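**Student:** Sequence and predicted structure, then a few things I'm wondering about:
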Amino acid sequence: MNDVVIATIQNLLELHQLEEQLDRARTGKAEIQAKINLIREKLIPNILGHHDRMRARGRKSIAPVRNGVCAGCHMVVATGILATLRRQDDIQLCANCGRYLYIDETPPEPPAEAAVPAGEAPPKKARKKRVSKRIPVE
């Protein structure tokens with residue numbers, strides 16, 4: 001069962017990527033469409049139908065889960081769904097946005113501010129001076 005789940009998720013990712021590429025392409029659309037048709041033949045009809053409905057609404061049909069949060073709608077994913085995703089027993093939908101979920105294994109990129117050359121301290125931010133709001137009594 002794990003192989004079927006993994007293959008389905010990979011096919012959905014590739015299908016989505018090719019469909020976006022087809023939308024942007026000016027030439028070579030026939031080649032891209034041929035690749036799309038091959039992938040669509042591999043997918044289960046129910047999953048393909050759900051994907052088509054999501055695409056018709058202008059939305060992605062698949063989203064990664066990072067730190068227990070759906071990257072599509074930024075809502076916390078239930079722990080039971082997370083456990084199923086980790087075991088790769090079944091394909092799961094986000095309860096909020098309806099996208100197919102998969103665990104994103106790639107490590108996050110560090111923020112641009114954190115990239116400080118070795119041996120240098122990050123610059124300190126200047127503090128604002130406090131202004132007294134008291135009215136002087138004469």
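**Tutor:** That came in fine, so what should we check first?
**Student:** rest of the way, CA atoms for contacts and neighbours
**Tutor:** Noted.
**Student:** How about the contacts made by the residue nearest to residue 78 when sequence neighbours are not counted?
**Tutor:** Counting by CA to CA, 6 or more residues apart in numbering, residue 78 lies nearest to residue 68, which is 8.0 Å off, once chain neighbours are set aside. Neighbour list for residue 68: 76-79, 82 [criterion: CA atoms under 8 Å, 6 or more residues apart in numbering].
**Student:** Just the buried ones from these?
**Tutor:** The neighbour-count test (16 or more other CA atoms under 10 Å) marks 76-77, 82 as buried among the contacts of residue 68.
**Student:** related to what we said a few turns ago, now the residue nearest to residue 78: how far from residue 46?
**Tutor:** According to CA to CA, to the nearest Å, residue 68 and residue 46 sit 26 Å apart.
**Student:** Residue 23 now?
**Tutor:** If you measure residue 23 against residue 46 using CA to CA, the figure is 24 Å.
**Student:** Could you do residue 33 as well?
**Tutor:** If you measure residue 33 against residue 46 using CA to CA, the figure is 21 Å.
**Student:** who's more crowded, those two?
**Tutor:** Set residue 33 next to residue 46 and count neighbours by other CA atoms under 10 Å: residue 33 wins out with 15 against 9.
**Student:** contact partners of the strand or helix carrying that one?
**Tutor:** Residue 33 is part of helix 29-42 when elements are defined by DSSP states H and E. Surrounding helix 29-42, the residues in contact under the criterion CA under 8 Å, 6+ apart are 11, 14-15, 18-19, 21-22, 48.
**Student:** List just the nearest of the residues you listed to residue 103.
**Tutor:** Nearest to residue 103 among the contacts of helix 29-42 is residue 11, at 15.0 Å by CA to CA.
**Student:** so where's this structure uncertain?
**Tutor:** Along the chain, segments meeting pLDDT under 70 span 1, 107-119, 121-122, 132, 136, 138.
**Student:** just checking, what's the longest helix in it?
**Tutor:** When secondary structure is assigned using DSSP state H, the longest helix within the chain turns out to be helix 2-24.
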